[in-house]
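K.L.:
have a look at this fold, sequence not included:
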């Protein structure tokens, strides 16, 4: 199905890799994403995922993130059902990422 991963493990496993080696997909709504998101994340809201999942490559690992890990786990289940295999859910979400002081970008930070 998919693998649960926390912020620290994500940084260890993928942090030194370019985003062309993996995909970071933020499934929060546009307003949430605009406020603050992890650097390099592509915004595909969960509500739009059924119509836009083809924007996610099956050839690279996909890490899904939301605010707390709930919507992203739903997205991971959806993608697994569509045949995607190399899936990760950021279980502590953007909220946990920011709590650890890791870098984000967005309107609320400017």
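P.N.:
Yes, it's here. Since we're looking at a predicted model, the values are computed, not measured.

K.L.:
state the distance from the closest residue to residue 83 other than its chain neighbours to residue 49.
P.N.:
Leaving aside its sequence neighbours, residue 83 sits nearest to residue 58 (CB to CB, 6 or more residues apart in numbering; 7.1 Å). In this view, the C-beta of every residue, glycine as well, is placed from N, C-alpha and C. Here residue 58 is placed at a distance of 15 Å from residue 49 (CB to CB, to the nearest Å).

K.L.:
neighbour-wise, which of these two wins?
P.N.:
residue 49 (20 against 13; other CB atoms under 10 Å).

K.L.:
so for the helix or strand containing the more buried one, what gets flagged as buried?
P.N.:
Using DSSP states H and E, residue 49 sits in helix 49-52. Neighbour-count burial for helix 49-52, counted by 16 or more other CB atoms under 10 Å, picks out residue 49.

K.L.:
that helix - contacts with which helices or strands?
P.N.:
With contacts taken as 3 or more CB pairs under 8 Å, 6 or more residues apart in numbering; DSSP states H and E, helix 49-52 sits against helix 70-81.

K.L.:
what are the pairing partners of the next helix or strand after the helix it packs on, and which direction each?
P.N.:
In the C-terminal direction, the helix or strand that comes right after helix 70-81 (DSSP H and E) is strand 87-90. According to DSSP bridges, strand 87-90 has the following sheet partners: strand 3-5 (parallel), strand 62-65 (parallel).

K.L.:
now do the shortest one: everything it contacts.
P.N.:
When you say that, I think you mean strand 3-5. By CB atoms under 8 Å, 6 or more residues apart in numbering, the residues outside strand 3-5 that reach it are 13, 63, 69, 73, 87, 88, 89, 90, 91.

K.L.:
same check on stretch 24-31?
P.N.:
33, 37-38, 40-47, 49, 56, 62-67, 71-72, 74-75, 94.

K.L.:
and for stretch 71-78?
P.N.:
The contact list for stretch 71-78 (CB under 8 Å, 6+ apart) reads 1-2, 4, 25, 27-28, 46, 49-50, 53, 64-66, 87-91, 93.

K.L.:
now a PyMOL select for only the buried ones of those residues.
P.N.:
Here is the PyMOL command that selects only those of those that count as buried (16+ other CB under 10 Å):
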select buried, resi 2+25+27+28+46+49+53+64+65+66+87+88+89+90+91+93
